[in-house]
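> Starting from these lines, generate the structure:
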Amino acid sequence: MSGLGTEQAKASAAAAHSGASAAEVPAPLGLYVHVPFCASTCDFCAFYQTQPTAGSVDRFLGTVRKEAELVNWDRPVHTVFWGGGTPGLLAPRDLGRLAEIVRAHCAGVPEEWTVELAPTTVTAERLAVLREAGVTRVSLGVQSFQPALLEALGRQHTRDRIFRAYERIRAAGFASVNLDLMFALPGQSEEEWAADVREAAALAPDHLSTYCLTFEEDTKLWVKLSQGRVKLDPEHEARLYEATWSQLEAAGFAQYEISNFARPGHICRHNLNTWRMHEWIGLGPSAASQHGGWRGANVSDLDKWWTGVERGVRLTEDRVALTPRLLAEDALIFGLRMNAGVDLAAWRLRAPEAPWATVEDSLATLAAGELLMREGDRVRLTTRGRLIADTIGTEIMAAFEPLLETA
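You can find the predicted model right below:
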């Protein structure tokens, strides 16, 4: 999930939605820290990563501290998410150092604090440091319980390591535990995926994330796809999606986003705030930010990132100014992935200049095709629509595009 997120919401917008004044309802602020270290690169992973050394870890932590000092912390941080990379590769002492940096800029312990861990990195010592720091959620990267599929993905853990890691996390007493799974893997049958979902549900986690494998450029899987060694099968993917939804519903997990399911009280608030276009600050190489009127990502290079910070500059790529219209577009695209859908009235108030007539035409077409349903100003995707959410997102983007001037 990757960590996948995006947004800036001002207090006035949150207040308009709730009926309170801006002074009464500060907008949520998130913090994402990208820990770029990995022992090896999984075949599917396109996130920035590098192998750690004692010197690079020490310099990374020192530079995160300096980068945090360059940020305008205009209000307390509500949610924190550590992703990567593999945050669990940090030694317990270094995890503690990173936690100190976070707490120093959060005005206390955040309401929700999530850390991604790989099964091979889960130790009692690391968990004790995270628990003492105030971490509330651990997301364990399982991917699959099938040994052959784990090997095909380039994962380093085994079935036994998954179970041992989960037992240790539970014993440590975190408020929420999430398991990450992947489906539509090369060679994976419907029966194998159903077995993975059953095994995950049997462990009784608080939250489950089930991601359809995507082929990102510059990954080993992308190369295999381009060589014809693996193939895409959209119909197979659709069957796996629908089977997942029904299977997890029967197991007592409520779906709140296309890929995410939770028991009551365990929805990931950091993700929700991102999909709703609130603000977050990203620290570390390649970390994205949406804060202070702009969106962008730190440069995806450890050396360039820390060189820039040493000069007092946060080197960012793909930097864009945030406008209400842009945020409304993204709120609709990402919001439609959520089961709750999107409240159009709130976004019309916030972004009156957006091309709402064109957007309404697009939504009407989607509704006529039984891909979307409306209840007043609230819109949400149907089951059919959720199966092609990416395609629908592309159509929404087209509706927001400015009309080309004609001579």
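
> Can you give me the neighbour number for D303?
With neighbours defined by other CB atoms under 10 Å, the count for D303 comes to 12. For the C-beta atoms, the positions are set from N, CA and C on the backbone; glycine is no exception.

> Number the chain from 772, please
I'll keep to 772 as the first residue from here, and by that count the last item is D1074.

> my guess is it is in a strand, correct?
No. When classified by DSSP: H, G, I helix; E, B strand; the rest coil, D1074 is found to be helix rather than part of a strand.

> buried set for stretch 1161-1168?
When burial is assessed from 16 or more other CB atoms under 10 Å, stretch 1161-1168 yields the following buried residues: 1163-1164, 1167.

> same question, stretch 876-896
876-877, 881-893.

> tell me how far it is from the chain's mean position?
Relative to the mean C-alpha coordinate of its chain, stretch 876-896 is positioned 15 Å out (CA atoms, centre = their mean, to the nearest Å).

> Contact partners for E970?
Under the criterion of CB atoms under 8 Å, 6 or more residues apart in numbering, the contact partners of E970 comprise F916.

> any idea which helix or strand comes after the helix or strand where it lies?
Taking DSSP states H and E as the definition, E970 sits inside helix 961-973. Taking DSSP H and E as the definition, the helix or strand that follows helix 961-973 towards the C-terminus is strand 978-983.

> Sheet partners, orientation included, of that next one?
Looking at strand 978-983 with DSSP bridges, its partner strands are strand 947-954 (parallel), strand 1031-1033 (antiparallel).

> what separates A889 from Q914, distance-wise?
Relative to Q914, A889 is positioned 10 Å away (criterion: CB to CB, to the nearest Å).

> Kindly report the same for V842.
In this structure, V842 and Q914 are separated by 33 Å, where distance is defined by CB to CB.

> Next: A1102.
Counting by CB to CB, the gap from A1102 to Q914 is 30 Å.

> for the stretch 1022-1171 of the chain, which spans come out with low pLDDT?
Applying pLDDT under 70 to the predicted model, the stretch 1022-1171 of the chain contains no residue that meets it.

> In it, what residue spans correspond to helices?
With helices called from DSSP state H, counting those that start in this stretch, the stretch 1022-1171 of the chain shows them at 1040-1046, 1073-1081, 1095-1106, 1115-1121, 1127-1139, 1154-1158, 1160-1171.

> possible to save those as CSV with distance to A946?
Formatted as CSV, these follow (distance: least, CB to CB, whole Å):
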stretch, distance to A946
helix 1040-1046, 12
helix 1073-1081, 32
helix 1095-1106, 25
helix 1115-1121, 30
helix 1127-1139, 38
helix 1154-1158, 29
helix 1160-1171, 30
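
> Please name whichever of those helices is nearest to D865.
Ranking the helices of the stretch 1022-1171 of the chain by proximity to D865 (CB to CB) places helix 1073-1081 first, at 15.3 Å.

> Same question for the closest one: list its buried residues.
By neighbour count on 16+ other CB under 10 Å, the buried set for helix 1073-1081 is 1073, 1076-1077, 1079-1080.

> What of stretch 1134-1142?
1134, 1137, 1142.

> Check stretch 844-854 too.
Of the residues in stretch 844-854, those scored as buried under the neighbour-count criterion (16+ other CB under 10 Å) are 844, 848-854.

> Equivalent analysis for stretch 1107-1119, please.
Using 16+ other CB under 10 Å as the test for burial, stretch 1107-1119 gives 1107-1109, 1112-1115, 1117-1118.

> how about the residues you listed, which pair is most distant?
R1108 and A1117 (17.4 Å).

> E903 is nearest to which of the helices of the stretch 1022-1171 of the chain?
With CB to CB as the measure, helix 1040-1046 is the member of the helices of the stretch 1022-1171 of the chain nearest E903 (20.5 Å).

> can you tell me the average pLDDT over stretch 869-889?
Stretch 869-889 carries an average pLDDT of 92.

> Using PDB, write out every CA atom in it.
Output of stretch 869-889 as PDB, limited to C-alpha atoms (Å, rounded to 0.1, in the frame of the first residue of the first chain):
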ATOM      1  CA  LEU A 869      12.800   7.000  14.100                       C
ATOM      2  CA  ALA A 870       9.900   6.900  16.600                       C
ATOM      3  CA  GLU A 871      11.500   9.800  18.600                       C
ATOM      4  CA  ILE A 872      11.600  11.900  15.400                       C
ATOM      5  CA  VAL A 873       8.000  11.200  14.700                       C
ATOM      6  CA  ARG A 874       6.800  12.000  18.200                       C
ATOM      7  CA  ALA A 875       8.800  15.200  18.300                       C
ATOM      8  CA  HIS A 876       6.700  16.600  15.400                       C
ATOM      9  CA  CYS A 877       3.300  15.100  16.200                       C
ATOM     10  CA  ALA A 878       2.500  17.100  19.300                       C
ATOM     11  CA  GLY A 879       2.100  13.800  21.200                       C
ATOM     12  CA  VAL A 880       1.300  10.300  20.200                       C
ATOM     13  CA  PRO A 881      -0.800  10.100  17.000                       C
ATOM     14  CA  GLU A 882      -4.300   8.700  17.200                       C
ATOM     15  CA  GLU A 883      -3.300   5.900  14.700                       C
ATOM     16  CA  TRP A 884       0.200   4.800  13.900                       C
ATOM     17  CA  THR A 885       0.800   2.000  11.300                       C
ATOM     18  CA  VAL A 886       4.000   0.200  10.500                       C
ATOM     19  CA  GLU A 887       4.500  -2.300   7.700                       C
ATOM     20  CA  LEU A 888       6.500  -5.400   8.600                       C
ATOM     21  CA  ALA A 889       7.700  -8.400   6.600                       C
END
